[in-house]
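Sequence first, then the predicted structure, then my questions.
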Amino acid sequence: MDGVVDHLADERNKAQFDVEEMKIVWAGSRHVFELSDRIARLVASDPVFRKDNRATLSRKDLFKNTLRKAAHAWKRIIELRLSEEEASKLRFYVDEAAFTDLHWGMFVPAIKGQATEEQQQKWLPLAYKMQIIGCYAQTELGHGSNVQGLETTATFDPQTDEFDIHSPTLTSSKWWPGGLGKVSTHAVVYARLITDGQEHGVHGFIVQLRSLDDHLPLPGITIGDIGMKFGNGAYNTMDNGVTRNGKCVRSNVPRQLIYGTMVFVRQTIVSDASCALSRAVCIATRYSAVRRQFGSQNGGVETQVIDYKTQQNRLFPLLAAAYAFRFVGEWLKWLYTDVTQRLQANDFSTLPEAHACTAGLKSLTTTFTADAIEECRKLCGGHGYLCSSGLPELFAVYVPACTYEGDNVVLLLQVARFLMKTVSQLGSEKKPVGTTAYMGRVEHLMQCRCSVQKAEDWLNPNTILEAFEARTARMSVAVAQKLAQFANPEEGFLELSPNLVEASVAHCQLIVVSKFIEKLQQDIPGKGVKELLGMLCNIYALNILHKHLGDFLSTGSITPKQGSLANDQLRSLYSQVRPNAIALVDAFNYTDHYLGSVLGRYDGNVYPKLYEEAWKDPLNDSVVPDGYHEYIRPLLKNQLRNARL
Ligand SMILES: CC/C=C\C/C=C\C/C=C\C/C=C\CCCCC(=O)SCCNC(=O)CCNC(=O)[C@H](O)C(C)(C)COP(=O)(O)OP(=O)(O)OC[C@H]1O[C@@H](n2cnc3c(N)ncnc32)[C@H](O)[C@@H]1OP(=O)(O)O
Ligand SMILES: Cc1cc2nc3c(=O)[nH]c(=O)nc-3n(C[C@H](O)[C@H](O)[C@H](O)COP(=O)(O)OP(=O)(O)OC[C@H]3O[C@@H](n4cnc5c(N)ncnc54)[C@H](O)[C@@H]3O)c2cc1C
């Protein structure tokens, strides 16, 4: 900030905690913080990684620009001999959806998780050096959620020792895979395995799609891009592909390992939610401190919009959720590592819980984040609608996360199956463990009474936890009892699916709250850091309680009076967080390049930069617009009407 006026300096001076220590907590460790900081600056200072022109480029130019950036990123990774961790951070800060996301995020993990040793030795070195580029081709035109309904077949031919991959119908065309349309040379293709005329369910196969010499599709393969997607710029940097038919190499793995890849990717999507959410919140918070409306007395300054309680009531729960998702993401990473080690030792016992947690938290965090980005746009008033605010593009890129890697409702129904199984086993030998351990106290939770008598009582983590546990246990048991009334359980499951989804949401919210509370039990250094995190944890929990008051009241987990006291406590927490708001978003340590927002600039110098940015629009290249002579001048001169007379 040398030589630059910091319009947010007063705000920064108000902070009551050690921001530098909070940065470490947010990053996860000092090592990750230092590495991220160094790589973020490297990307921000490289002109090739410029991204402020994305909204105005044509699809073809946008796509070519993405290829250029990906190639440049790879060049820098090699030149600087970056480690895998540094390289992945570099791709993160380049911040452009590209085929490389799928290559590194799905193709490589699928091979690592599903291929045999021999296959890994063949394919991984090529993939690591990017001598082949891969994608993940599961979804078809006709089926995405229903993986068992995929139509593509892989028929083993013992004569040639090959699998023949066949898409017999239009609906069996692979449709959506990122990177497939124009770039990938290889794919992990999911198909129904057929040997000796017998079907063995869906398996993954490594298929070469394009020639490594001239990039043309191999014989029998038709490939293309599926067309423009939501939002200009945004996810249109990605080629999502359609393909039909092909020959292939082979694979033969247990079904559970195929699931392992989905568990991995869903886990990364939860961590990514905290990044997207914190980014939107950072923009909205800084701008809310800069923006002033109303309230001026005798010609004095107007009120900063961040001081309006309604603004705080909309913004601070999102800020709290960004931190909450960060910590639940950390925990989920641990859970995934644990389940992977067990899978490698052929222990599949914890996979159902890992599946339920990753599916449920992927659903909860992406739904919340997509809604929150849109709320942040509204929190920035009219200027939030400008592309230069960064929010429209962030929303357009982010919102498909609610659909890809499992539609969010379909995933919550998976959680519901797990919950119902847990309830049905209560009282048996099989005791609930991990995230469902609270169900082991179901008798207590069904009849306990919340002890809150005054607003401050809601600051007790055990009180919050018990209210959330009681609500979830009671909702789960109630829906399980209704299910039991159906002669056909599958019919009952379909009929009661809205209630089941609500119980799943409650369970997932409980997980997030409990992991935040667990985080606070750790040793967290730095003046005021733990105190601020405690406030955010309470805001996260009490805001959910307020938003889902119906659940808490109808299950009798709290009384109406206690609900009202929770709301009083929330308002008081907002006042305590307010002086720390700017410092709390500074702790994300985002560069202006990564934020990509005039409204969220670190220095708060919003208006001159908005003005400058507007002049850069191609429409402003000429003072008189193209089309004036054909369409405006004739109107103004009434020439058309005169011609008719
Ligand atoms: C810009 C990007 C930003 C961030 C992302 C960050 C990093 C990621 C990197 C790159 C990403 C970039 C772009 C996005 C790419 C998106 C890629 C995709 O979308 S790939 C396609 C993904 N498709 C799906 O997720 C399909 C959803 N459907 C399913 O998961 C399942 O088929 C189903 C809905 C679970 C099926 O249900 P069904 O009841 O039919 O179940 P099955 O018969 O299949 O299974 C029975 C049995 O197995 C259990 N089970 C199911 N799934 C899993 C699992 N994943 N793990 C463990 N166990 C599983 C199920 O519960 C049943 O158990 P049972 O009851 O019998 O005990
Ligand atoms: C940007 C983007 C990138 C993608 N990248 C890839 C990729 O790289 N590779 C890949 O293989 N795929 C990819 N996909 C595909 C993605 O995984 C699927 O679109 C996703 O799994 C949802 O499946 P679907 O499209 O079949 O939705 P559908 O299942 O058709 O959903 C339509 C509606 O039906 C509802 N519904 C469906 N089943 C049920 C049910 N049982 N009960 C109640 N409601 C139900 C859903 O909730 C939804 O409202 C991508 C998709 C997008 C948008």
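Perfect, thanks for sending it. Ligands and ions are numbered 1, 2, ... in the order given.

part of a helix, is residue 206?
No - secondary structure of residue 206 (DSSP: H, G, I helix; E, B strand; the rest coil): strand, not part of a helix.

Specify the beta-bridge partners of it.
On the basis of DSSP bridges, residue 206 takes part in beta bridges with residue 188.

per-residue pLDDT, it?
For residue 206, the pLDDT comes out at 95.

where's it relative to residue 239, distance?
20 Å (Cβ to Cβ, to the nearest Å). C-beta here means a position set from N, CA and C on the backbone, and glycine is covered the same way.

now swap in residue 124 and tell me
With Cβ to Cβ as the criterion, residue 124 and residue 239 are 24 Å apart.

In this structure, what helix or strand scores lowest on average pLDDT?
strand 246-248 (a mean of 58; mean pLDDT, DSSP states H and E).

which residues sit in contact with residue 422?
432, 436, 439, 476 (Cβ atoms under 8 Å, 6 or more residues apart in numbering).

When residue 124 and residue 239 are compared, which one has more neighbours?
residue 239 (24 against 14; other Cβ atoms under 10 Å).

Spatially nearest residue to the more buried one (excluding sequence neighbours)?
Nearest non-adjacent residue to residue 239, counting by Cβ to Cβ, 6 or more residues apart in numbering: residue 181, 3.4 Å away.

From ligand 1, how far off is the one you found?
Look at residue 181 and ligand 1: by Cβ to the nearest ligand atom, to the nearest Å, they are 14 Å apart.

Let me see the contact set for that residue.
By Cβ under 8 Å, 6+ apart, the neighbours of residue 181 are 223-226, 239-242.

Helix or strand next in line after the strand or helix carrying residue 564, which one?
In the assignment (DSSP states H and E), residue 564 maps to helix 560-577. Downstream of helix 560-577, the first helix or strand assigned by DSSP H and E is helix 581-586.

and that next one, what other elements does it pack with?
Using 3 or more Cβ pairs under 8 Å, 6 or more residues apart in numbering; DSSP states H and E, the elements in contact with helix 581-586 are helix 9-13, helix 19-27, helix 255-290, helix 309-344.

what does that helix rub up against?
Residues contacting helix 581-586 (Cβ under 8 Å, 6+ apart): 8, 11-12, 14-15, 17, 19, 22, 278, 281-282, 285-286, 289, 306, 315-316, 319, 532, 536, 577, 602.

tell me, what residue is most central in this structure?
By Cα atoms, centre = their mean, the chain has its centre lying nearest to residue 273, at 3.4 Å.

Count the neighbours of residue 51 for me.
Other residues near residue 51 number 19, with proximity taken as other Cβ under 10 Å.

so what's it scoring on pLDDT?
pLDDT at residue 51 comes out at 91.

what separates the residue lying closest to it once chain neighbours are set aside from ligand 2, distance-wise?
Distances taken as Cβ to Cβ, 6+ apart place residue 596 nearest to residue 51, at 6.0 Å, with adjacent residues excluded. Separation of residue 596 from ligand 2 (Cβ to the nearest ligand atom): 20 Å.

Look up phi and psi at residue 596.
phi 60, psi 40 (degrees, to the nearest 10).

Kindly report the same for the one 5 residues further on.
For residue 601, the backbone dihedrals (degrees, to the nearest 10) come out as phi -50, psi 140.

residue contacts, it?
Residue 601 neighbours (Cβ under 8 Å, 6+ apart): 286, 592, 595, 609.

residues near the residue in the chain positioned nearest to ligand 1, how many?
Per Cβ to the nearest ligand atom, residue 105 is where the chain lies closest to ligand 1, at 2.4 Å. When neighbours are counted by other Cβ under 10 Å, residue 105 registers 20.
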